[in-house]
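K.L.:
Show me how the following folds:
(4 chains)
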There are 2 protein chains.
Amino acid sequence: MSTNTRFAVAVHVLTVLAWSGDEPVKSDGVATSVNTNPVVIRRTLCALARAGLVTSQTGAAGGSRLARQPKKITLLEVYRAVEGGGIFSLHRQPPSMSCPVGMHIETVLEDVFEEVHSSVERVLAKITIEQVLQKVGPCLTSGRKKVQSAR
Amino acid sequence: MSTNTRFAVAVHVLTVLAWSGDEPVKSDGVATSVNTNPVVIRRTLCALARAGLVTSQTGAAGGSRLARQPKKITLLEVYRAVEGGGIFSLHRQPPSMSCPVGMHIETVLEDVFEEVHSSVERVLAKITIEQVLQKVGPCLTSGRKKVQSAR
DNA sequence: CGCATTTGTAACTATAATAGTTACGAATAG
DNA sequence: CTATTCGTAACTATTATAGTTACAAATGCG
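P.N.:
Numbers count the residues shown, from 1 in each chain, chains lettered A, B, ... in the order given. Here you go, the predicted model:
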């Protein structure tokens, strides 16, 4: 089991931004919704900005907003923006090269991991932030209100 | 990225047992191939035994062997035997329930995670230990030798 | 029977990944 | 010029995982 909540947090962040539309949202406001520290949110936003999914601005009227329409952002892009390596890990210590199994198992496992990984990517590529937004608030996606009021 | 090597180790262990055929292999022999501590291997073997994939015996002539033919063991069974929760994790702290996004995001994410998970399972269900064994030693799967000699 | 051997498991330590926190310079709007 | 906010570094805390030591219980063999 992954012990890493970055993907969940990133989707949450983007959904909040999508919710807020053109209105920039401060890291502090997002942090309140996610129930964590604003710096954690800023780190996530930073990764998302590097991937071209959000833009941010410093200053009093600053904050972050989506760089594109929610329907143009897939969860695959989010996943790639915030998640490092693959889903499974190989041995911590390389296996014995004197054993015929140990010698080859890592290559074989890498093939398997690759198959799994691309299957995951295909699923994530089909889901957009817009879809998430709609599921989050089916009856609310028109007539949004400011996220700041969530405090 | 998962920081958990249990699946890789479990597949390795089963491949060693498959390699050895009917000859029981001691945890120490497997540990040498995997390049780790015998207790780590025994823990994995324990989980695999609970799932009905291997059998073990104490005593001088003891050790472990597959409970079934390699072609009857899929990586999905291995995965389920050794891997706890899913691939992604939700928030460490539950999100704010005063925010419309926070209120619903976990449910939506769970749906997404479920889709991803079943896609992974479909991939793993198609791969057997026999296939792994063949890839590990294409020209060696007949005429095996004892794993103990790998030391 | 008694002995050597091996598993199963508990209890502990070590390592590494992740999240949370504090602090502060740089950018920006008013 | 000032208040505000982001970006980021540096540190701490928490948790998961792997590794280690130790030992009782099971087993086969002389």
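
K.L.:
Could you use CA atoms for every contact and neighbour count after this?
P.N.:
Will do.

K.L.:
Now do the strands for chain A: every range, in order, please.
P.N.:
Shown for chain A, the strands assigned by DSSP state E span residues A:54-57, A:63-66.

K.L.:
Adding mean neighbour count, write those strands out as JSON lines.
P.N.:
Shown next, in JSON lines, are these (neighbours: other Cα atoms under 10 Å in any protein chain shown):
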{"stretch": "strand A:54-57", "mean neighbour count": "16"}
{"stretch": "strand A:63-66", "mean neighbour count": "24"}
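
K.L.:
nearest to B:His12, of those?
P.N.:
Minimum separation from B:His12 across the strands of chain A (Cα to Cα) falls at strand A:54-57, 42.2 Å.

K.L.:
Run the chain-centre distance for the closest one.
P.N.:
Mean C-alpha position of strand A:54-57 versus that of the full chain (Cα atoms, centre = their mean, to the nearest Å) differs by 16 Å.

K.L.:
on that earlier part again, what's the closest of the strands of chain A to B:Val34?
P.N.:
Closest approach to B:Val34 among the strands of chain A (Cα to Cα): strand A:54-57, 43.9 Å.

K.L.:
list the helices and strands the closest one packs on?
P.N.:
In terms of contacts (3 or more Cα pairs under 8 Å, 6 or more residues apart in numbering or on different chains; DSSP states H and E), strand A:54-57 is packed against helix A:38-50, strand A:63-66.

K.L.:
List the neighbouring strands of that strand plus their orientation.
P.N.:
Within its sheet, and counting by DSSP bridges, strand A:54-57 is paired with strand A:63-66 (antiparallel).

K.L.:
So is the partner strand next to DNA strand C?
P.N.:
No. Applying Cα under 7 Å from any atom of the strand, one finds strand A:63-66 separated from DNA strand C by no less than 9.9 Å.

K.L.:
Against DNA strand D, how distant is the spatially most distant residue from the centre of chain A?
P.N.:
Largest separation from the mean C-alpha position in chain A: A:Ser98, at 41.4 Å (Cα atoms, centre = their mean). Separation of A:Ser98 from DNA strand D (Cα to the nearest atom of the strand, to the nearest Å) stands at 17 Å.
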